[in-house]
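1. Fold the following for me, if possible:
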Amino acid sequence: MPNALVTTAPRSRSADELFRQFKQQNYLELLHHQWKTPLAVRPVFLKSPKRVEALLGLLQLALTAYQLLERLYRQQVVADAPVTEQRMTSESLLRQFRVYGLIVRRSPVGRVVYATRLTSRQRHILQHLHFSTPAQILAQRLRPPPSG
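-> Below you'll find the predicted structure:
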């Protein structure tokens, strides 16, 4: 189906480049929709306007991270990957980790935290994003568990 595109861009810009940018407009509209959509949040009672501002700032930061996660993942996907992989959303990515957790055990020397085993899909996602695994992060930040 032929398309017509009217623009004020200089003639030096190729039609392919302009059309590609036009097609990306839908992506921007989705991001704007996410910013404007009401969030489902339990009632929060804040005592001052500064705390309300702080909460809104945190929500904005979280939404930015949410959008960045999707963008980073899609940038790492190769062109010949399945369409479902190329169109992966943050919601789909995070859903893969819904069943992941950490195990905390008490020991005579205090609490010991263990990372549970990742599924192959979870490991693939983390590798794609160049993120450390939970076990690697724990090994870097916590003392090793006591031997014995």
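
2. domains in the protein, as residue ranges please.
-> According to automatic domain parsing, the chain comprises the domains 16-36+44-95, 102-141.

3. Tabulate those domains in a markdown table, adding columns for mean pLDDT, mean neighbour count and distance to residue 8.
-> Any C-beta I mention is one placed from the backbone N, CA and C, and that applies to glycine too. A markdown table is the format used below for these (pLDDT from 0 to 100; neighbours: other CB atoms under 10 Å; distance: least, CB to CB, whole Å):
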| stretch | mean pLDDT | mean neighbour count | distance to residue 8 |
| --- | --- | --- | --- |
| domain 16-36+44-95 | 83 | 12 | 11 |
| domain 102-141 | 92 | 12 | 38 |
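
4. In CSV: those, plus distance to residue 7.
-> Formatted as CSV, those follow (distance: least, CB to CB, whole Å):
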stretch, distance to residue 7
domain 16-36+44-95, 6
domain 102-141, 35
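
5. which residue ranges form the helices in this protein?
-> With DSSP state H as the criterion, the chain has helices at 15-23, 25-36, 49-76, 83-86, 90-95, 120-129, 134-141.

6. Just the C-alphas of the first one, formatted as CSV.
-> What it means is helix 15-23. Backbone C-alpha positions of helix 15-23 (Å, rounded to 0.1, in the frame of the first residue of the first chain) are rendered in CSV as follows:
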residue,chain,number,x,y,z
ALA,A,15,12.5,9.5,1.9
ASP,A,16,13.5,6.2,3.6
GLU,A,17,15.0,8.0,6.6
LEU,A,18,12.0,10.3,6.9
PHE,A,19,9.5,7.4,6.7
ARG,A,20,11.4,5.4,9.3
GLN,A,21,11.2,8.4,11.7
PHE,A,22,7.5,8.7,10.9
LYS,A,23,6.9,5.1,11.7
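
7. quick one: that helix to chain centroid distance?
-> The chain centre lies 26 Å from the centre of helix 15-23; the measure is CA atoms, centre = their mean, to the nearest Å.
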